[in-house]
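Here is my input, please return the structure:
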Amino acid sequence: MGLDSDGGGEFINYHLYHYCQEEHITFTRSRPFKKNDQAYVEQKNWTPVRQTIGYERYDSHQALALLQSIYQDLRLFVNFFQPVMKLQSKVRLGSKVRKKYDQAQTPYRNVMASDLVEQSVKQELTDVYLSLNPVDLRRRIDVNLARLWKLPR
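Predicted coordinates for the structure are as follows:
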C-alpha cells in the first residue's frame, strides 16, 4: 500500500510523513518540475471527475452539498455501470509499442470475478448493484450538475 503525493508543501507535512512511516505506508512524491509524474492518477481523475464537473472552482456550502451528491451518484454509476479495459501487456517492437487489453468490464464485474474478495463483500456489492437503476443515477447526476452550474461563481 502506498501514498503518492504531489511534491508541494501543501500536500506534505511532518505529521503525514511520520504517520506513513509508523503505518509502513510507502510514501512517494512527484519530482519538482516534472508534471507527468502523476500522469496515471491524473488520467483516472480526468475520466469521471474532470469530465463531469470540469475545472471550475466552487467554494460555497451549497456547491459543496451538490458536489457531494454528484460524487456519491457518480461513484456508483462509474463503478457499477461503466466498463473499463485494463492493460494486460505492453511490448516494444522497434519504435512501435503493442498493447494488449483485456475485455472491457465494470469495476464491479472485476471484483466479482476475483478470488481475492470475500464472499460477504461480494454479496454486499451485489445487493447494492441490484438496488441501482443507471437511468435514475444519470438523471440525478444531470439534475444536480444543472443546479451546480447555475450557482454564482
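
Please make it C-alpha for all contacts and neighbour counts, starting now.
Fine.

the strands in the protein, which residues?
2-5, 26-29, 87-93, 96-101 (DSSP state E).

so the longest one versus strand 96-101, what angle?
Pointing back at strand 87-93 there. If you take axes from the mean of the first three to the mean of the last three C-alpha atoms, to 10 degrees, strand 87-93 sits at 160 degrees to strand 96-101.

Parallel or antiparallel, list what pairs with strand 87-93.
Strand pairing for strand 87-93, using DSSP bridges, gives strand 96-101 (antiparallel).

Likewise for the first one?
Looking at strand 2-5 with DSSP bridges, its paired strands and their directions are strand 26-29 (parallel).

ok, residue 74 - how many residues close by?
19 (other C-alpha atoms under 10 Å).

isn't residue 137 right up against residue 77?
Yes: using C-alpha atoms under 8 Å, residue 137 is in contact with residue 77, at 6.5 Å.

Those two: which has the busier surroundings?
Comparing residue 137 with residue 77 by other C-alpha under 10 Å, the one with more neighbours is residue 77, at 22 against 17.

related to what we said a few turns ago, tell me which of the strands of the chain sits most buried.
strand 26-29 (a mean of 14; mean count of other C-alpha atoms under 10 Å).

so what's residue 96 up against?
Contacts for residue 96 (C-alpha atoms under 8 Å, 6 or more residues apart in numbering) come out as none.

ok, back up a step: what about the strands of the chain, which gets the closest to residue 49?
Among these, strand 2-5 comes nearest to residue 49, with 18.3 Å by C-alpha to C-alpha.

What pLDDT is listed against residue 77?
Residue 77 carries a pLDDT score of 96 in this model.

residue ranges with poor pLDDT in this structure?
Residues of the chain meeting the criterion pLDDT under 70: 1, 5-12, 29-46.

on that earlier part again, in JSON lines: the strands of the chain, plus distance to residue 20.
Below are the strands of the chain laid out as JSON lines (distance: least, C-alpha to C-alpha, whole Å):
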{"stretch": "strand 2-5", "distance to residue 20": "8"}
{"stretch": "strand 26-29", "distance to residue 20": "6"}
{"stretch": "strand 87-93", "distance to residue 20": "29"}
{"stretch": "strand 96-101", "distance to residue 20": "34"}
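
quick one: which of the ones you listed is nearest residue 63?
Comparing the strands of the chain by C-alpha to C-alpha, strand 2-5 comes nearest, at 26.0 Å.

which residues touch the residue of the chain positioned farthest from its centre?
Within the chain, the residue lying farthest from the chain centre (C-alpha atoms, centre = their mean) is residue 94, at 33.7 Å. The contact partners of residue 94, by C-alpha under 8 Å, 6+ apart, come to none.
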